[in-house]
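Next input, structure requested:
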Amino acid sequence: SHSLPQPEREGTFHRGPGLNLTSGQYTAPIAGYYTFSSTLHIVRREPRRKGQGCRGSRLRVLICVQSRCQHNSHLETISRLESSGDRFTISVTGTLYLQAGQYASVFVDNTAGSPLTVQSGSDFSAILLGV
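Numbers count the residues shown, from 1 in each chain. Next up, the predicted model:
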């Protein structure tokens, strides 16, 4: 009998190879189509100053292959930051094709001008759909 791997920290659920919680990268064990999903709970650490326009206050969350977010192979969602409240949740999901050994990871593109903190309880998952 073999024991199940213990989670790296309380509250994490980790099944199967590929996910490195230290680097935040999922490395594809085999080539195929993977469904990726990430939900981030974000806190804006300081309120937006008066006079800062709403035009620039948006947040992009991307899941990119090999850290190439300018490349075509990425998933992206854009959220407008409301002026009220400093806590919000943003999700991105979709399907990407990865070669064996390629990795995917989550990026946050912050144009809001305020420091952001990604809170615990955020998640990132990958599921092999087919080859």
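
Now residue 95: which helix or strand?
Assignment of secondary structure by DSSP states H and E places residue 95 within strand 87-98.

If you could redo that for residue 34, that was the one I meant.
strand 32-44.

what angle sits between that strand and strand 87-98?
Relative orientation of strand 32-44 and strand 87-98, computed by axes from the mean of the first three to the mean of the last three C-alpha atoms, to 10 degrees: 160 degrees.

Name every strand pairing with strand 32-44 and say which way it goes.
On the basis of DSSP bridges, the sheet neighbours of strand 32-44 come out as strand 87-98 (antiparallel), strand 116-118 (antiparallel), strand 123-130 (antiparallel).

how far is the following helix or strand past that strand from where the chain is centred?
Next in sequence after strand 32-44, counting helices and strands by DSSP H and E, comes strand 58-65. With C-alpha atoms, centre = their mean, to the nearest Å as the basis, the distance from the averaged C-alpha position of strand 58-65 to the chain average is 7 Å.

hmm, back to that, after the strand holding residue 95, next one along is what?
strand 103-110.

Name the residues of that following strand that come out as buried.
For strand 103-110, burial by neighbour count (16 or more other C-beta atoms under 10 Å) applies to 103, 104, 105, 106, 107, 110. In short, each C-beta sits where N, CA and C put it, glycine included.

For the closest residue to residue 106 other than its chain neighbours, give the beta-bridge partners.
When the adjacent residues along the chain are set aside, residue 106 lies closest to residue 38, with 4.9 Å between them (C-beta to C-beta, 6 or more residues apart in numbering). When bridges are taken as DSSP bridges, the partners of residue 38 come out as residue 92, residue 124.

what's near enough to touch residue 38?
61, 63, 91, 92, 93, 106, 122, 123, 124, 125 (C-beta atoms under 8 Å, 6 or more residues apart in numbering).

Looking at the last one now. What's its pLDDT?
For residue 125, the model assigns a pLDDT of 91.

now do the second one
The per-residue pLDDT reported for residue 63 equals 94.

hang on, it packs against residue 92?
Yes: checked against C-beta atoms under 8 Å, the pair residue 63 and residue 92 is within contact range at 5.8 Å.
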